[in-house]
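Chemist: no sequence on hand, only this structure:
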Ligand code: SF4
């Protein structure tokens, strides 16, 4: 490493004290962060952007100002407030974690990485982020931003994810013995998010530019390299928008385990690998006169892409389905409906000839 680590740390911390962004969950300079806010934001920010998370974070802390309030909330209400953020296992674990902190830790988050790792939904990255940001513990949280900065600063040619261990070791060297672990963690991430960006890094604004190996070699934008991903499998199925005379439509709660557990959805068939076979799947509701809307909704999950053909129908016999309710467009936000289902509902409302009773 070209300069002593101390010097690099000072450069980064100075830069951060001048350029730190204001965020709803970030404590003002010199103020001790609220661990509840740090934890909540870190869980929400997993796989989700700062811009998207902002309003959700504000909604959560307005509804549930402390972890004890969140622990007392019904899981259904938490899922409803979470609807649209995706990756719903996070919301279920969030609630479980709040209950654990409230009941087993008297409402106080553990301060160490080890203690935090014991809690539901908290992996190594999140534990390190909370320990350092909320409690100023010397822990190194390596997110995608930090991975990019380190890959470039050291001009690591090995592709991700193979280079992860090397990146973690090098990030730890850069963070070692710094006097402000919380600020350092945030500064590291902030540098990646605002200056060392995936495209067109702004090296002229970077506090580490003079020592950055990738900048010197002119390969900054090519790094980090990534192992090519195998294409995701695609699953197919059908989704049904059943309306009634009152202009309401049918949704039901998904039970059992797995994706969308505990959330509401339009009735769907199972999701299978063959488009041709999916077309022949029987509807989960007995309605005569079902017809295809000639439209599809698509959604990308972590491990597969999903394409659902939309079917519409008119209920005249008061159809029943386990855990089902009839709702109208006006009370859609009272139910935990994933984005995929909201997309399908919007399409049907725009294109459904039977939408007005
Ligand atoms: S000099 Fe450029 S490439 Fe290197 S860390 Fe800074 S922004 Fe990233």
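Modeler: Thanks, I have the structure now. Worth saying up front: this structure is predicted, and the values here are computed from it rather than measured.
Chemist: surely residue 116 and residue 109 touch.
Modeler: Yes: counting by Cβ atoms under 8 Å, residue 116 does reach residue 109; the two are 6.9 Å apart. In this view, the C-beta of every residue, glycine as well, is placed from N, C-alpha and C.
Chemist: which one of these two has more residues nearby?
Modeler: Legend: neighbour count by other Cβ atoms under 10 Å for residue 116 and residue 109, higher for residue 116 (27 against 21).
Chemist: now the more buried one, nearest residue through space, not along the chain?
Modeler: residue 127 (3.9 Å; Cβ to Cβ, 6 or more residues apart in numbering).
Chemist: circling back to that earlier point, mutual contacts of residue 116 and residue 109, please.
Modeler: Residues touching both residue 116 and residue 109 by Cβ atoms under 8 Å, 6 or more residues apart in numbering: residue 130.
Chemist: that older thread, which element is the residue nearest to residue 116 on?
Modeler: helix 124-135 (DSSP states H and E).
Chemist: can you pull the pLDDT of residue 307?
Modeler: With respect to pLDDT, residue 307 scores 96.
Chemist: again with residue 7
Modeler: Turning to residue 7, the model gives it a pLDDT of 95.
Chemist: so where does it fall, helix or strand?
Modeler: Applying DSSP H and E as the criterion places residue 7 in helix 5-19.
Chemist: so how far is that helix from its chain's centroid?
Modeler: Put simply, helix 5-19 sits 29 Å off its chain's centre (Cα atoms, centre = their mean, to the nearest Å).
Chemist: right, is it up against the ligand?
Modeler: No: if you take Cβ under 6 Å from any ligand atom as the test, helix 5-19 misses the ligand, and the best it gets is 10.0 Å.
Chemist: for that helix, buried residues please.
Modeler: Judged by neighbour count using 16 or more other Cβ atoms under 10 Å, the buried positions of helix 5-19 are 8-9, 11-13, 15-16.
Chemist: show me the two of those that sit farthest apart.
Modeler: 8 and 16 (12.6 Å; Cβ to Cβ).
Chemist: centre of the chain to stretch 294-308, how far?
Modeler: 18 Å.
Chemist: flag the shaky bits of the stretch 251-357 of the chain, pLDDT-wise.
Modeler: The model of the stretch 251-357 of the chain has pLDDT under 70 over residues 318-319, 351-357.
Chemist: how far away is residue 137 from residue 263?
Modeler: Look at residue 137 and residue 263: by Cβ to Cβ, to the nearest Å, they are 35 Å apart.
Chemist: what does this protein have sitting close to the ligand?
Modeler: Contacts of the chain with the ligand, taken as Cβ under 6 Å from any ligand atom, map to 149, 152-153, 195-196, 201, 203, 206, 208-209, 212, 214-215, 220.
Chemist: let's see that with 5 Å instead.
Modeler: 152-153, 195-196, 201, 203, 206, 208-209, 212, 214-215, 220 (Cβ under 5 Å from any ligand atom).
Chemist: most neighbours, which of those?
Modeler: Among the residues of the chain next to the ligand, residue 196 has the most neighbours (other Cβ under 10 Å), with 29 neighbours.
Chemist: now do the SS call for that residue.
Modeler: With DSSP: H, G, I helix; E, B strand; the rest coil as the basis, residue 196 sits in coil.
Chemist: tell me where the stretch 101-250 of the chain has helices.
Modeler: Along the stretch 101-250 of the chain, counting by DSSP state H, counting those that start in this stretch, helices occupy 113-117, 124-135, 144-153, 164-175, 181-194, 213-217.
Chemist: which residues touch residue 248?
Modeler: 326-328.
Chemist: measure it to residue 336 for me?
Modeler: Counting by Cβ to Cβ, the separation of residue 248 from residue 336 is 18 Å.
Chemist: could you chop this protein up by domain?
Modeler: 5-222, 234-351 (automatic domain parsing).
Chemist: A strand includes residue 100, no?
Modeler: No: per three-state DSSP, residue 100 lies outside any strand segment and is helix.
Chemist: surely residue 189 and residue 146 touch.
Modeler: Yes: counting by Cβ under 8 Å, residue 189 does reach residue 146; the two are 6.0 Å apart.
Chemist: dihedrals phi and psi, the residue in the stretch 51-200 of the chain positioned nearest to the ligand?
Modeler: Of all residues in the stretch 51-200 of the chain, residue 196 sits closest to the ligand, at 3.2 Å by Cβ to the nearest ligand atom. Phi and psi for residue 196, reported as degrees, to the nearest 10, are phi -90, psi 60.
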